[in-house]
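**Q** This is a predicted model, with the sequence first.
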Amino acid sequence: MQIPRTRGAVSGLLLMVLGAWGALIPFIGPYFGLTIGSDQTWDWSSGRLWLSVVPGVAAFVGGFLLLTSAHRARAALGAWLAVAAGAWFVVGPTVSRLWNDGTSAAGAPAGDTNRQVLELLTMFEGLGVLIAVLGAFALGRLSVRGVRDAELAREAELERERERELEVEHDRAAADDDDRFQRDPVPRRRPVAERSAVTGSGPAGPRASVPAGEEPTRISPTSPAPAGSTAPTERSGAVRTDTMPADGASAETRRSGGLLGRLRRS
């Protein structure tokens, strides 16, 4: 179930800080006067690995899941991981006596009584209790289902319904395309006459544009020429030019050439 990301944000951030502190304090503690076991900085040992680094990393990962997760189960896993890490910080030094010949694998705290108490609290017992409490607090918040959780669940359900509808529409469109392709696998081409009527072109080339409301002028070899036009006619050895005046009277001018014309003029 979806939850707001702010549900475990504060607890997750604190757990990350405490986990990093628990994993690093045995190695950087001598800088601050906190020493359990070796007083050398960055001194690696198996006791520090199992009693400080492992639970510190577990608490850090649990806090990270709480901080970034918007899913209830994943956030709960991070909280339980933090609780386990805090418990191990508390009981780890005591349990390590079982494999370390009756002494704590973490080592003995250094300094006077007050300093020893401070070292044990800040590095193991007190740190572990604080981590476990924060993890349990986060679990308590995650176990409550509020109004915001119901709204998020409703929004998630609506989103899933929209996705299903889109998938159904996509499948239906794909099925229609398949049926159309099966009925007519090869797209039909329109006849030449239809394409000519649409594009305005045919075998003889593009049609001349005619203004709206006027009939196209058709000129044949036997029809008389329009008024005011000159129609040249080529013949062998002669050129004839006919001129039609605007008043309808016809005037013909013939110019003949060659030997036959000269004989006629003489």
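**A** Nice, thanks for sending it over.

**Q** shaky segments in the chain?
**A** For the chain, the stretches with pLDDT under 70 are 1-5, 145-150, 152-153, 181, 183-266.

**Q** residue ranges of the helices in it, please?
**A** 9-32, 46-48, 54-68, 72-95, 113-123, 125-143, 147-183, 192-199, 259-265 (DSSP state H).

**Q** Out of these, which is closest to Q40?
**A** helix 9-32 (6.9 Å; CB to CB). Yep, even glycine has a C-beta here, placed from its N, CA and C like the rest.

**Q** Mind listing what's buried along that closest one?
**A** 11-12, 14-16, 18-19, 21-23, 25-27, 29-30 (16 or more other CB atoms under 10 Å).

**Q** what's the closest of the helices of the chain to A105?
**A** Nearest of the helices of the chain to A105, taken as CB to CB: helix 46-48 at 3.3 Å.

**Q** what's that closest one in contact with?
**A** 26-27, 37, 96, 100, 104-107 (CB atoms under 8 Å, 6 or more residues apart in numbering).

**Q** about what we covered before: quick check, nearest of the buried residues of helix 9-32 to W88?
**A** Distance to W88, by CB to CB, is smallest for G22 among these, at 9.9 Å.

**Q** Once you drop chain neighbours, what's closest to that closest one?
**A** Among residues not flanking G22 along the chain, G56 sits closest, at 3.8 Å (CB to CB, 6 or more residues apart in numbering).

**Q** In contact with the one you found, which residues?
**A** Residues near G56 by CB under 8 Å, 6+ apart: 19-24, 85.

**Q** F137 now?
**A** Contacts of F137 (CB under 8 Å, 6+ apart): S11.

**Q** mind checking how far it is from G47?
**A** According to CB to CB, to the nearest Å, F137 stands 30 Å off from G47.

**Q** that older thread, ranking the contacts of helix 46-48 by neighbours, who comes first?
**A** P26 (29 neighbours; other CB atoms under 10 Å).

**Q** Report the separation between it and E159.
**A** 48 Å.

**Q** what about S143, neighbour count?
**A** S143 has 10 neighbouring residues, counting by other CB under 10 Å.

**Q** actually W99, sorry about that
**A** W99 has 11 neighbours, counted by other CB under 10 Å.

**Q** show me the contacts for the closest residue to it other than its chain neighbours.
**A** Among residues not flanking W99 along the chain, A105 sits closest, at 7.4 Å (CB to CB, 6+ apart). Each residue near A105 by CB under 8 Å, 6+ apart is listed here: 45-47, 50-51, 93, 96-97, 99.

**Q** Now which of these would you call buried?
**A** 47, 50-51, 93, 96.
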